[in-house]
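K.L.:
Provided below are the primary sequence and the corresponding predicted coordinates.
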Amino acid sequence: MDRVYNFSSGPAMLPLPVLERAQKELLCYGSTGTSVMEMSHRSKMYLEIYDEAVVLLRKLMDIPEAYAVLFPQGGATQQFSAIPLNLLTGSGAADYVDSGNFAFLASEEAKRYGRVNVVASSRADQYTYVPALEKAAFDPKADYFHIVANNTIYGTRFDQLPDPGPAPLVADLSSCILSEPYDVRKFGVIYAGAQKNIGPSGMCVLIVRKDLLGKANPLCPKLLNWTVLADNDSMYNTPNTFAIYMAKLCFGWLLEQGGVAAMERVNIEKAGMLYDYLDQSKLFKGAVQQASRSRMNVTFSTGDAAKDDAFVKQAAKAGLINLKGHRVTGGMRASIYNAMPTEGIRALVEVMKQFELEA
């Protein structure tokens, strides 16, 4: 069977060359005589894989030595707890922007450990835009300022990063990391679930400014304590060795494409093709305000649930799968991460045009 175009929001499609490389190396990695899945995480052969993954990510994102690069388990959601446990230990207060479902969940989890100041929210408007920020709403004593840069479910993104003042900026980049350049120096902490632009599910990329280490709540579990992870190179216990290996392959593939800046140009083109069609379509309509449109997750609908369902089924028959929108929003969602080729967007637009003609 031929491979389809997979528009899943995550776990998402992976670059074909990466899958082929993993297939080739599955039984025997290099001259080791063993599979990566069988290697001890403390063995020399595996540590070379781990170290290369760190080096490649540092190169891709221009990560200074003043930042620790970690690969914890548990995905981004586990960091909803780890962040306040590691950082909410000064004033005991933090600023959060409520711009989507995961931003809301992160703020709710932080309330278990301290005071949360929601500086702005678009929740009442079904998260159809990223809310404007007013400096007067910021807590001048906040231990950190938290955002979700791209909102996967609703399809919105921060067009510009906020300036949180003296508070370190903590950002969930799960669905936009490596899709466009970010100046790491503007952040205190970056974290991202792997299953969108990094690799398979089961791990998280965590980038922490080193001066923020060593501040954890005494009750913070060891596996959530960033200092413990940093002191042990993410290997206090057995990490997700295969996911780290796959991430390494994806990092290498991305460098072969020209790096993050080159990928951003492709992503702008892909998103533009889809939004251009939506803007002129008489049937399909985008779900979010134009100024907040995501490049990674394009949400849209016909306004008729029955037609939406029919379109998803017709698209699947044409080899375009996982276009059904999130259960909270309905409609459709096309997740077009780095691994989605431009040809996939062209195919989607053609199916949309055909469906509109027949509707």
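P.N.:
It's in. The shown structure was predicted, so the numbers you read here are calculated from the model rather than taken from an experiment. Numbers count the residues shown, from 1 in each chain.
K.L.:
so where do the strands sit in the stretch 251-359 of the chain?
P.N.:
285-286, 297-301, 320-321, 332-335 (DSSP state E, counting those that start in this stretch).
K.L.:
what's the answer for the stretch 1-150 of the chain, then?
P.N.:
Listed in chain order, the strands of the stretch 1-150 of the chain (DSSP E, counting those that start in this stretch) span 5-6, 67-70, 93-98, 115-121, 145-148, 150-151.
K.L.:
quick one: mean pLDDT over the fifth one.
P.N.:
Across strand 145-148, the average pLDDT comes to 98.
K.L.:
which SSE is the most centrally placed residue in the chain in?
P.N.:
Geometric centre of the chain, nearest residue: Ser174, 1.6 Å, by Cα atoms, centre = their mean. Secondary structure assigned from DSSP states H and E places Ser174 in neither a helix nor a strand.
K.L.:
for it, phi and psi?
P.N.:
When read as degrees, to the nearest 10, the backbone of Ser174 gives phi -50, psi -50.
K.L.:
what sits against it?
P.N.:
By Cβ atoms under 8 Å, 6 or more residues apart in numbering, Ser174 lies in contact with 10, 76, 102, 148, 150, 152, 191-193, 196. Backbone N, C-alpha and C define where each C-beta goes, glycine included.
K.L.:
7 Å - rerun?
P.N.:
Counting by Cβ atoms under 7 Å, 6 or more residues apart in numbering, Ser174 touches 76, 152, 192-193, 196.
K.L.:
can you tell me how far it sits from Met235?
P.N.:
Separation of Ser174 from Met235 (Cβ to Cβ, to the nearest Å) stands at 23 Å.
K.L.:
show me which positions of stretch 317-329 end up buried.
P.N.:
In terms of neighbour count (16 or more other Cβ atoms under 10 Å), stretch 317-329 has its buried residues at 320-326, 329.
K.L.:
please apply the same query to stretch 143-152.
P.N.:
Neighbour counts over stretch 143-152 (16+ other Cβ under 10 Å) mark 143-152 as buried.
K.L.:
for those residues, which one is nearest Ala68?
P.N.:
When the buried residues of stretch 143-152 are compared for distance to Ala68 (Cβ to Cβ), Tyr144 wins out at 16.2 Å.
K.L.:
the closest one reaches Ala167, doesn't it?
P.N.:
Yes: contact criterion Cβ atoms under 7 Å: Tyr144 and Ala167 qualify, at 5.4 Å.
K.L.:
any low-confidence regions in the stretch 1-150 of the chain?
P.N.:
Where the stretch 1-150 of the chain drops to pLDDT under 70, the residues are 1.
K.L.:
from Arg327, how far out is the residue nearest to the centre of the chain?
P.N.:
In terms of Cβ to Cβ, Ser174 sits 19 Å off from Arg327.
K.L.:
repeat for Gln290
P.N.:
25 Å.
K.L.:
before we move on, what about Asn225?
P.N.:
Here Asn225 is placed at a distance of 34 Å from Arg327 (Cβ to Cβ).
K.L.:
show me the helices in the stretch 51-200 of the chain, by range?
P.N.:
Secondary structure of the stretch 51-200 of the chain (DSSP state H, counting those that start in this stretch): helices located at 75-87, 101-110.
K.L.:
among those helices, which is the most enclosed?
P.N.:
When these are scored by mean count of other Cβ atoms under 10 Å, the highest mean neighbour count falls to helix 75-87 (a mean of 22).
K.L.:
packing partners of that one?
P.N.:
helix 101-110, strand 189-193, strand 204-209 (3 or more Cβ pairs under 7 Å, 6 or more residues apart in numbering; DSSP states H and E).
K.L.:
and Ile268, which of those is closest to it?
P.N.:
That would be, of the helices and strands packed on helix 75-87 and by Cβ to Cβ, strand 189-193, which comes in at 20.1 Å.
K.L.:
what angle separates that closest one from helix 75-87?
P.N.:
150 degrees (axes from the mean of the first three to the mean of the last three Cα atoms, to 10 degrees).
K.L.:
look up how far Gln78 lies from Asn225.
P.N.:
12 Å.
K.L.:
so who does the closest residue to Ala106 other than its chain neighbours touch?
P.N.:
Leaving aside its sequence neighbours, Ala106 sits nearest to Phe80 (Cβ to Cβ, 6 or more residues apart in numbering; 4.5 Å). Counting by Cβ under 7 Å, 6+ apart, Phe80 touches 105-106, 109.
K.L.:
could you check how far Phe80 is from Lys285?
P.N.:
For Phe80, the distance to Lys285 - Cβ to Cβ - is 32 Å.
K.L.:
doesn't Ala93 make contact with Trp142?
P.N.:
To be clear, residue 142 is Ala; Trp isn't right here. Yes: Ala142 lies in contact with Ala93 (Cβ under 7 Å); the separation is 5.4 Å.
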